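Participant: Here's my sequence, what's the structure:
(4 chains, ligands or ions: 4)
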Amino acid sequence: MSAPAKLAYFVRTAVGSIVRSPFVHVIAVASLSLSLIGFGVARIARTQLDALVDSLGGEVEMTVYLAEDAPEAQVAELEQALAQRTAGEVHRVSPAEALGRLATQLGEDGKVLTELPDNPLPWSLEVHLPKAARDAASLGDLARKTRALPFVTGVDYGEEALERLTLIARALEIASLVVFSLVFLTAVIVVSATLQLAIFARREEIEIQKLVGATDRFVRLPFLLEGLLQGLLAAGLALGAVFALVRWLESGQTGLLAFARLDGRLVVQWPRLAGELVGIGCSLGLVGSFIAVRRFLRV
Amino acid sequence: MSAPAKLAYFVRTAVGSIVRSPFVHVIAVASLSLSLIGFGVARIARTQLDALVDSLGGEVEMTVYLAEDAPEAQVAELEQALAQRTAGEVHRVSPAEALGRLATQLGEDGKVLTELPDNPLPWSLEVHLPKAARDAASLGDLARKTRALPFVTGVDYGEEALERLTLIARALEIASLVVFSLVFLTAVIVVSATLQLAIFARREEIEIQKLVGATDRFVRLPFLLEGLLQGLLAAGLALGAVFALVRWLESGQTGLLAFARLDGRLVVQWPRLAGELVGIGCSLGLVGSFIAVRRFLRV
Amino acid sequence: MERPPDVFSRRPSLSGTIAPAMIQMFHVSKAYPGDPPVLVDINLDIEKGEFIFLTGPSGAGKSTLLKLMFLAERASRGQVLLAGRNVARLRESGIPFLRRNIGVVFQDFKLLPTRTVAENVGFTLDVLGTARDEVRDRSLKMLRRVGLEHKADVSPLKLSGGEQQRVSLARALVNDPALLLADEPTGNLDPALTVEIMDLLTDVNARGTTVVVATHDATLIERYQKRTLRLEKGTVVADERGAKAARLMSQTA
Amino acid sequence: MERPPDVFSRRPSLSGTIAPAMIQMFHVSKAYPGDPPVLVDINLDIEKGEFIFLTGPSGAGKSTLLKLMFLAERASRGQVLLAGRNVARLRESGIPFLRRNIGVVFQDFKLLPTRTVAENVGFTLDVLGTARDEVRDRSLKMLRRVGLEHKADVSPLKLSGGEQQRVSLARALVNDPALLLADEPTGNLDPALTVEIMDLLTDVNARGTTVVVATHDATLIERYQKRTLRLEKGTVVADERGAKAARLMSQTA
Ligand SMILES: Nc1ncnc2c1ncn2[C@@H]1O[C@H](COP(=O)(O)OP(=O)(O)OP(=O)(O)O)[C@@H](O)[C@H]1O
Ligand SMILES: Nc1ncnc2c1ncn2[C@@H]1O[C@H](COP(=O)(O)OP(=O)(O)OP(=O)(O)O)[C@@H](O)[C@H]1O
Ligand SMILES: [Mg+2]
Ligand SMILES: [Mg+2]
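Facilitator: Numbers count the residues shown, from 1 in each chain, chains lettered A, B, ... in the order given. Ligands and ions are numbered 1, 2, ... in the order given. Purely as a prediction, here's the structure:
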């Protein structure tokens, strides 16, 4: 028999078996796609949570207060050094600008500032810290060194907020690790379990095939194809479910997205997610049926 | 046969079947306990997240600025009204106290305040809002009404922070709803699926029992007992796993708890959690085997 | 719990009324959905204590007829009476109690590979709620009668075809049923064992159990000279109750 | 892919050397772990083209002996040669190719309830990679020969015992095997059908297939007068090749 004819036979057998005993296959596909939905949701949630952490952190700035008689050359040098160390933008802020901002910031209380006889605020340098530089330890180090300079009267950088931000990021890391491993463990156990039971229910068929002279490969192939088909089907279902979930969230009924400041849109790379789901689904299906068929191949 | 002897027979049968074909039972127990672990983790995480939201929100206050000539009687009346409406504490804050706080709050910038010729700040009322009163809409309403009073010059209540807090709470509500329903759906499908497969593998036994004159109840009882035993076993395993997880988190290797400001301790009501897990495990096991056995009882 | 129908009682009716026949069928037909009928217009009357051979070619409907007798199938048309009781009127929940009076040897044995031989035999007693030790005792005793006591604690998977068949017979007889239905109970047995098993069946019959044996074995029918029903294409073509003496004579002649 | 052992070829050896026997056993014993031995010191020589009856009481070891012949079990001791090839030296992966030359009728039929009768029969051909249409054609043709063409598209669950037995036989014969092992192939058949099936087997045998039939049916052995091996308690107690003529004479006398 030619290779395509043989393939056709195996596909026919696999599809036939799915049609004949839909029960076990429905269960396998259901548990597979539930695992994949879990994966997809976790995947999207992770991206969204990262955005959330950023939005919680807001702007992180370091302010360096300069002495009244700070020499221009050294200030320029410091400006450069800070820009280099933090890879951020550095602005020089005049006393008038600083007072204006302070007044705005204080709201009702800010009115008191207009009554000041003259501006008591010093010149300062404002460093906008990019994400990469928001590391509590190294910023602390930088602040200490800067504070030690003779023409610097003080350094503020929102220590507390920064530390909390670091903790949030770390907590999310751990939490997603726990959730991921739980989902993954469930997926592997459940999928290989259902497939093993599915094949257990067909050990008779395997036995008879072997008794009439089937090679191991001949016995195994339709099962592997079944696993593959189940994986594909499950991936399709999971993708549909995740898509529906995302649309539901985007419909704005939940307010979840407004919070994450995404203007009601989730940033999902659909082609990539689809690829991942299909890839994982097929591998789980294949590996599951491979393990399962091996257990019952010894006749 | 006496009732206890009969019960002994059923227990013997159930245990015997678990011993004879451990494979399907291991799978059923594994999937059951994974679902229960999911439930337990979600349960604890929910409590912790609530604490987290509180810690993110911090203190929410409303400040009412009073005109210089505010009549004492009306201020007292307002004080009472606010305390009643928000169920919170109301303090009267003197201009000196307010200035001192402002200076502290401003840090380095606060130095400018010491240079003021005299204290420009008015008397004010500070309302500490308890959790229940932190509702953006009703607080907005209250602020508007208060602002309209002739002896009130202004009202501040951190509108933005409050709105964000409301959003976080809502988002967590939704997220935990999605996760919960996913976990629950998985649990129900997987458990009833594995139990159905387990019973499917034993349909022969059921058929023969019925052919030699067993009543439906006689056939069903050992299966129900099995489901119950599986549920108990799974609950025990899940409890152990959750306990280990909590201990691991509390060991401080993750930093997750420092963030939630719980001094490295998770507040878990173990007896209650154990009760819930056992309850859910047994019901899932029972219901699962009940559904499953019904499908194969018609011989 | 529902009471088992005590019409199966083998004690003579004290009131002096005539005991009902064990099995009666009136114009019974059986068709599986979508197939031509398997049994057509069967009329039968098997008295209590009779020993009946059921014979006929492969596919004639012997097993189906037996299935109607222990309610594994229901007649499509006509009336089936078991011990005078119309089974059409029996509720689903009454079937188990009826079956407890009927021992069945299945053509395909229907033994559980996950239980030992003794447990398989004891199944019938477990269902009745018999105490554990008694179950074991009676199972072993029954196994001894079919010559398989030494295989009591082995899985049926490890038995030869004939051994499995005897276990199936032991299970059918262990609770001393009022009616024994045996579908080809000697099909996998050698002539010597066949005689032994047939002796067991006649013995059981002598003690009051009504016995119906479906068989292809002409030697058996010839040797035992019992009433023989011959099925062909779903109808009874011969009921040799009367011919028995005749045949017996023609052979001895 | 490994080559099938072509020693099974039924064409006479061109080189003129003596063709090896189909089955040879030298001092073969078989014991299942933990049990007393089932077969003890069996010596056998079955030539190509022979027709052999295997008989003996229930549990004597007939099925086990057949299992050794198609490698469902391996001998505990001694040598088994199939078509001159020592099976002990055969790698696990070679077994399927060997089995393709052997048709087996199992005592318990081993039909798949989830496939139709025709698909069950075609199983043997599917494994060989035969094209779909041809599988169907040959399956139907074979079913006709056992008188079951009309049941081709039905599940084996819906067949009577004898019908199932014939399907099992059809599956064993559909790829025209060099060796046919039939375990009690007429145990569920009436005398008329038994003759038909035996005619089929002798026909197949006449075309070159070596046939081994395990049976309890004394009438069969008497009527067909073939070489008969009698097993008792795991040993061959009689090999009536020579006694055949004698018995035949004593009956005709
Ligand atoms: N469940 C079923 N559905 C459809 N047809 C059936 C079913 N069971 C049996 N039949 C058909 O009914 C006919 C009679 O079957 P039955 O098993 O009663 O025959 P039998 O007399 O016992 O034959 P045997 O001697 O071969 O066992 C057969 O042709 C069979 O194919
Ligand atoms: N897998 C096994 N494990 C242990 N013992 C076995 C196994 N298979 C068969 N036996 C034992 O070996 C003996 C011979 O069995 P076998 O099936 O070969 O008998 P047989 O001659 O075919 O009998 P029958 O005519 O009843 O089919 C029996 O006593 C049986 O219990
Ligand atoms: Mg039958
Ligand atoms: Mg045998």
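
Participant: need the helix or strand of chain A with the lowest average pLDDT.
Facilitator: Among the helices and strands of chain A, helix A:256-259 carries the lowest confidence by mean pLDDT, DSSP states H and E, at a mean of 55.

Participant: Secondary structure of C:His216: a strand, I assume?
Facilitator: No. Secondary structure assignment places C:His216 outside any strand; it is coil (DSSP: H, G, I helix; E, B strand; the rest coil).

Participant: close enough to count as contact, it and C:Thr186?
Facilitator: No. Using C-beta atoms under 8 Å as the test, C:His216 is too far from C:Thr186 to be in contact (9.6 Å). Backbone N, C-alpha and C define where each C-beta goes, glycine included.

Participant: how about the helices of chain C, start to end?
Facilitator: Along chain C, counting by DSSP state H, helices occupy C:62-69, C:95-99, C:117-128, C:132-145, C:161-173, C:191-206, C:218-224, C:243-252.

Participant: what's the nearest residue to the residue nearest to the spatial centre of chain A if we skip its chain neighbours?
Facilitator: By C-alpha atoms, centre = their mean, chain A has its centre lying nearest to A:Arg46, at 2.7 Å. Here the nearest residue to A:Arg46 in space, its sequence neighbours aside, is A:Ser176; by C-beta to C-beta, 6 or more residues apart in numbering or on different chains that works out to 5.7 Å.

Participant: could you point out which element follows the helix or strand encompassing that neighbour?
Facilitator: Remark: A:Ser176 resides in helix A:159-200, with elements defined by DSSP states H and E. From helix A:159-200 onward toward the C-terminus, using DSSP H and E, the following helix or strand is helix A:203-211.

Participant: For that next one, list every residue counted as buried.
Facilitator: Buried residues in helix A:203-211, defined by neighbour count with 16 or more other C-beta atoms under 10 Å in any protein chain shown: A:Glu205, A:Ile206, A:Glu207, A:Ile208, A:Gln209, A:Lys210, A:Leu211.

Participant: Identify the farthest-apart pair in these.
Facilitator: Taking C-beta to C-beta as the measure, the buried residues of helix A:203-211 span a maximum distance of 10.8 Å, between A:Glu205 and A:Leu211.

Participant: so where's the stretch 101-250 of chain C uncertain?
Facilitator: Confidence mapping of the stretch 101-250 of chain C against pLDDT under 70 gives the ranges C:241-250.

Participant: Point out the residues in it that sit beside ligand 1.
Facilitator: Remark: the part of the stretch 101-250 of chain C in contact with ligand 1 comprises C:Gln107, using C-beta under 6 Å from any ligand atom.

Participant: State which one residue of the stretch 101-250 of chain C is found closest to ligand 1.
Facilitator: Taking C-beta to the nearest ligand atom as the measure, the stretch 101-250 of chain C has C:Gln107 as its residue closest to ligand 1, at 5.7 Å.

Participant: Check the burial of that residue by counting its neighbours.
Facilitator: Applying other C-beta atoms under 10 Å in any protein chain shown, we find 22 residues neighbouring C:Gln107.

Participant: Please tell me how far the most centrally placed residue in chain C sits from ligand 3.
Facilitator: For chain C, the residue nearest the mean C-alpha position is C:Leu181 (0.6 Å; C-alpha atoms, centre = their mean). Distance check for C:Leu181 against ligand 3: by C-beta to the ion, to the nearest Å, it reads 12 Å.

Participant: what bridges to that residue?
Facilitator: Applying DSSP bridges to C:Leu181 yields these beta-bridge partners: C:Val104, C:Val212.

Participant: roughly how far apart are A:Leu177 and B:Leu249?
Facilitator: Applying C-beta to C-beta, to the nearest Å, the value for A:Leu177 to B:Leu249 is 11 Å.

Participant: Between these two, which is the more surrounded one?
Facilitator: Of the pair A:Leu177 and B:Leu249, B:Leu249 is the one with more neighbours under other C-beta under 10 Å, namely 22 against 11.

Participant: My read is that that one contacts B:Phe243, right?
Facilitator: No. With contact defined as C-beta under 8 Å, B:Leu249 and B:Phe243 do not form a contacting pair (10.9 Å).

Participant: Spell out which residues are contacts of both of these two.
Facilitator: By the contact definition C-beta atoms under 8 Å, 6 or more residues apart in numbering or on different chains, B:Leu249 and B:Phe243 are jointly contacted by no residue.
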